[in-house]
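A.B. asks: Sequence plus predicted model, see below.
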Amino acid sequence: MTALNRRALLGGAAAMAGALSLGGMPARAGAPFRNSLPPAWHRFRLGEYEATIVSDGRLPLGQPEPAFPASPPAELRSLLEAAFLPPDAATLEQNALILNTGRQLILFDTGMGESMGADSKMFGPTTGQLLNNMRAAGIEPEQIDLVVLTHAHNDHCWGLTDAKGQRVFPNAQVAVSEADLKYWTDDNNKRGPDFMKVFVEGAKKNLSAYRDRLVMVRNEQEVAPGVVALATPGHTVGHHCYAITSGNQVMVNTGDLAHHHILLLRKPMWEFAYDTDPKLSAQSRSRMLDRLATDRLPLLSYHFPWPGLGHVARAGDGYDWVPAPMNLSSLG
């Protein structure tokens, strides 16, 4: 559409609006603005399993440059603008998976929660919606048998306890890698970036509440029937993806393998500010993305646009994100 055509279209729309308001029937805006979002949950079949994705809310990063400190700012802006995204405000989603195997109800990651008071809102007021959205989907926290953590960062494990340090999932075991458990509960790791102190304190508070219920995750071994851990270290020392298999269907829960569906797919070797080992993280990301694209495996990404389901396809030196249709009843 040319600039002239756009002007004509906008002018015509304005004229129509004026005609409607100045005619015999005055224009009214009697309905109030709601200023609220509906519950965010999405349910589908994965083989014989039932899967439900619940949102913990949006996680705004703000200006993207601090989150991608080694990336050329002009290239950041160009990639975002080409994808019709604001170049000055990067936003991530938080897509938590609940898997009903018929024998267990398994939650993957817990969102930001409320355990750390004001620090739980360090990325703004839109996080911490997991429990509300779970209940809207008909699932109570008492029903969760196992919480599987992709890693022990704040937006993945701080929802394990409430503000008083009480278990939010009183009947659940918690699966986490031994490497992450040791790293994120070690006070010696509070040094470095400013966020490290509160990240360690939050992990200690949340994980220690389940110290008698911890299950250690091991690479290429099951944490539950049909759920196999895949080590992808770098974002944290013990970050894992999880391959979920039921019948002839497979889906990979990629956790924080890639945070942004444009920037870290098109540029998989770019570094992310919250990576413990940025270079190792980029290597793990590149290796797993190649596997997902080659094997054409569907995936769930924790931070990609809601509800985070889709495929990655090769595009030059990087990848494209191909979201799955929202009306799907199963994921093939």
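C.D. replies: Thanks, I have it.

A.B. asks: can we go C-alpha only for contacts and neighbour counts from here?
C.D. replies: Noted.

A.B. asks: can you map out the helices along the stretch 51-200 of the chain?
C.D. replies: 73-82, 130-136, 154-157, 178-184, 195-208 (DSSP state H, counting those that start in this stretch).

A.B. asks: of all these, which lies closest to Q104?
C.D. replies: helix 130-136 (15.9 Å; CA to CA).

A.B. asks: Return the set of buried residues in that closest one.
C.D. replies: 130-134 (16 or more other CA atoms under 10 Å).

A.B. asks: Which single one of those residues is nearest to K190?
C.D. replies: Closest to K190, out of all of the buried residues of helix 130-136 and judged by CA to CA, is L130, at 27.4 Å.

A.B. asks: Tell me who's in contact with that closest one.
C.D. replies: Neighbour list for L130: 54-57, 96, 110-111, 113 [criterion: CA atoms under 8 Å, 6 or more residues apart in numbering].

A.B. asks: which residues of the stretch 1-150 of the chain score low on pLDDT?
C.D. replies: Scanning the stretch 1-150 of the chain with the threshold set as pLDDT under 70 gives 1-29.

A.B. asks: can we see that at 50?
C.D. replies: 1, 3-4, 14-16, 19-22 (pLDDT under 50).

A.B. asks: List the contacts of R218.
C.D. replies: 177, 229, 231.

A.B. asks: Report the buried members of the residues you listed.
C.D. replies: Looks like the contacts of R218 have 177, 229, 231 buried, using 16+ other CA under 10 Å.

A.B. asks: Distance check, the closest residue to the first one other than its chain neighbours against S71.
C.D. replies: Same thing as S177. Leaving aside its chain neighbours, S177 sits nearest to V217 (4.5 Å; criterion: CA to CA, 6 or more residues apart in numbering). According to CA to CA, to the nearest Å, V217 and S71 sit 33 Å apart.

A.B. asks: So between these two, which is more surrounded?
C.D. replies: V217 (25 against 18; other CA atoms under 10 Å).

A.B. asks: next one: phi and psi at that one?
C.D. replies: phi -80, psi 140 (degrees, to the nearest 10).

A.B. asks: unless I'm mixing things up, it is touching A175, no?
C.D. replies: Yes. V217 lies in contact with A175 (CA atoms under 8 Å); the separation is 6.0 Å.

A.B. asks: what do the two both touch?
C.D. replies: V223.

A.B. asks: gap between G57 and M112?
C.D. replies: 9 Å.

A.B. asks: which residues do those two both contact?
C.D. replies: 127-128.

A.B. asks: Which one's more surrounded, these two?
C.D. replies: M112 (29 against 22).

A.B. asks: related to what we said a few turns ago, format the buried residues of helix 130-136 as TSV; extra columns: distance to G308.
C.D. replies: Formatted as TSV, these follow (distance: CA to CA, whole Å):
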residue	distance to G308
L130	15
L131	19
N132	19
N133	16
M134	17
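
A.B. asks: Filter the contacts of L130 down to just the ones in strands.
C.D. replies: Judged by DSSP state E, those include 54-55, 96 as members of strands.

A.B. asks: Enumerate every residue touching the residue nearest to K164 when sequence neighbours are not counted.
C.D. replies: Nearest non-adjacent residue to K164, counting by CA to CA, 6+ apart: S115, 7.1 Å away. By CA under 8 Å, 6+ apart, the contact list for S115 reads 158-165, 202, 206.

A.B. asks: If any of those are buried, put those into a ChimeraX selection.
C.D. replies: Here is the ChimeraX command that selects the buried residues among the contacts of S115 (16+ other CA under 10 Å):
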select :158,159,160,161,162,163,165,202,206
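
A.B. asks: Rebuild the contacts of S115 as CSV, extending it with distance to Y302.
C.D. replies: Shown next, in CSV, are those (distance: CA to CA, whole Å):
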residue, distance to Y302
W158, 15
G159, 15
L160, 17
T161, 20
D162, 22
A163, 24
K164, 27
G165, 25
G202, 20
N206, 20
